[in-house]
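[1] I would like to see how this sequence folds:
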Amino acid sequence: MQIFNSNTDSSTVPGTLQNIQLDVVKHKVSGQNGVSYRRRQLVEEKAKIVLSKNSAIWRLPTEILAQIFLYCIPEDGNCTPAPYLAPVLLTTVCRRWREVALDMPSLWCRLRLEVGNGDWQQRAFSYDSYLKRSRGRQLSLTLEGHDTDWTELRSLLQPYIDQISSLSVGFFSNCGSLALTDFRGLEELVIYNGADYNLVLAVVRSIAQLPLNTRSLKLMDLWPDFELLSDFNPLAWPSLTNLEIAVDELDCIPYLLRLCPNLLSLTVVGLFAVEAEEVFRHDKLRSLRVYGDLHLDWVGTLGLFDAIILPSLRVLEVRNSGQWPHEDFKTFLTRSRCPLESLIFGDGVLITEQQEAEYATLLPSLELVVDPMRSGFYF
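    The predicted model follows:
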């Protein structure tokens, strides 16, 4: 570890940093609700104090200042460039802060881009200036499209396409499909469409083939059914190791496993019981989380365990499945011979104390959790 000597009065630093943090919070709130004149006055007055030659933060070594800048970046997702949010805010305080911020590529690696609304040319210039400062670092981007075929966005992102490792894409109001295979370095992908079923075709076309490096996929709001998934190329998602998806029917699970031969973790939200027509074996899946919809007028049981063999399964979590298929699950354990380590029952799973005790006898090392507080229907 490097040690930097400074004449800074360390006793004054915490208070100064706390004031700066309050400024960042004030800016964030005011940016959401409209920046008030009085708040701008207070920030300007505080800036004069911070820039005073007697201020402790003015004398901080560059290395420490750089570490502080990293903590100024908003943690709740990617943001559009704004003068009231870091990192852009940091470049407006003084010349030294601007030089330090512009010399830190790691400050400029997360960005939210809006496509299809307002003056695209002005926004494109701002986005491009931002991305240039990343200097080849891996990028995490959020793309939100409104009434667009994504042509302008693809042109903007072309110089940075191989840097993009994490991508969230929102499809809204008549968006076309986005050729995700162009993102050759993509590792993590999140897709959402605001539950607009008119955009299902555009989303499906976008994910029909994923880049070979993509390891994680989260599909929100799409709710594909078996018929829709069956149209996918059998090798559409060969490299996925993590999948989180909401489906229209839980009988999609065996087909999802076919699409993802290297899958290690699957979280699936579905609506109905599984009707097994054949048994499918998946040798690599280690974690399975199934969140069903417990209809008050439905008295069936989850038929999933008749349809799959999972010899590597270590963790199973189930919520809202109704009556627990105890005997079917024991048969599944015998058939799969899996090293199950953790079995978690959330809310909406009807299981007896006698059945719980039987699992403790069958699998002495099993961690059995019964927690009604695990009640969320979504991931």
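[2] got a list of what Met373 touches?
    Met373 sits next to 346-347 when contact means C-beta atoms under 8 Å, 6 or more residues apart in numbering. Heads up, the C-betas are built off the backbone N, CA and C, glycines and all.
[3] where does it sit relative to Gly346, distance-wise?
    According to C-beta to C-beta, to the nearest Å, Met373 stands 8 Å off from Gly346.
[4] can you give me the helices in the stretch 51-200 of the chain?
    All helices of the stretch 51-200 of the chain, identified by DSSP state H, counting those that start in this stretch, fall at 62-72, 95-102, 120-132, 151-157, 200-207.
[5] Tell me which of those helices is the most buried.
    Of the helices of the stretch 51-200 of the chain, the one with the most neighbours on average (mean count of other C-beta atoms under 10 Å) is helix 200-207, at a mean of 18.
[6] So what touches that helix?
    Here helix 200-207 has contacts from 169, 171, 175-180, 189, 191, 193, 217, 219, 222, 224, 228, 231, 236, using C-beta under 8 Å, 6+ apart.
[7] Of these, keep whichever come out buried.
    Buried members of these, counted by 16 or more other C-beta atoms under 10 Å: 169, 171, 175-178, 180, 189, 191, 193, 217, 219, 222, 224, 228.
[8] circling back to that earlier point, pipe the helices of the stretch 51-200 of the chain into JSON lines and attach distance to Lys330 per row.
    Below are these laid out as JSON lines (distance: least, C-beta to C-beta, whole Å):
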{"stretch": "helix 62-72", "distance to Lys330": "51"}
{"stretch": "helix 95-102", "distance to Lys330": "60"}
{"stretch": "helix 120-132", "distance to Lys330": "55"}
{"stretch": "helix 151-157", "distance to Lys330": "52"}
{"stretch": "helix 200-207", "distance to Lys330": "36"}
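[9] looking only at pLDDT, what's the mean for stretch 135-155?
    Throughout stretch 135-155, pLDDT has a mean value of 92.
[10] scratch that, stretch 362-376 is what I was asking about
    The average pLDDT within stretch 362-376 is 87.
[11] next one: stretch 58-72
    89.
[12] for stretch 170-181, same thing?
    pLDDT averaged over stretch 170-181 gives 88.
[13] ok so, going back, closest to Gly303 out of the helices of the stretch 51-200 of the chain?
    helix 200-207 (26.4 Å; C-beta to C-beta).
[14] Poorly predicted segments of the chain, please.
    1-55, 194-197, 271-277, 293-302, 376-379 (pLDDT under 70).
[15] So for it, the centremost residue is which one?
    Residue closest to the average C-alpha location in the chain (C-alpha atoms, centre = their mean): Val190, at 6.0 Å.
[16] got the contact list for that residue?
    Listed by C-beta under 8 Å, 6+ apart, the contact partners of Val190 are 167-169, 217-218, 220.
[17] and if we set it to 6 Å?
    168, 218 (C-beta atoms under 6 Å, 6 or more residues apart in numbering).
[18] does it have beta-bridge partners, and which?
    Ser168, Lys218 (DSSP bridges).
[19] gap between it and Asp128?
    From Val190 to Asp128 the distance is 23 Å (C-beta to C-beta).
[20] for Thr62, same thing?
    27 Å.
[21] same question, Cys94
    Cys94 is 25 Å from Asp128, by C-beta to C-beta.
[22] swap in Glu144?
    Plainly put, Glu144 is 17 Å away from Asp128 if you go by C-beta to C-beta.
[23] Repeat that for Arg96.
    With C-beta to C-beta as the criterion, Arg96 and Asp128 are 25 Å apart.
[24] Kindly report the same for Asp328.
    56 Å.
[25] again with Phe171
    Taking C-beta to C-beta, one finds Phe171 at 23 Å from Asp128.
[26] Same question for Ser155.
    Taking C-beta to C-beta, one finds Ser155 at 10 Å from Asp128.
[27] For the residue nearest to Leu153 when sequence neighbours are not counted, list each beta-bridge partner.
    Once flanking residues are discounted, Leu153 sits nearest to Val115: 4.8 Å by C-beta to C-beta, 6 or more residues apart in numbering. For Val115, the beta-bridge partners under DSSP bridges are Gly145.
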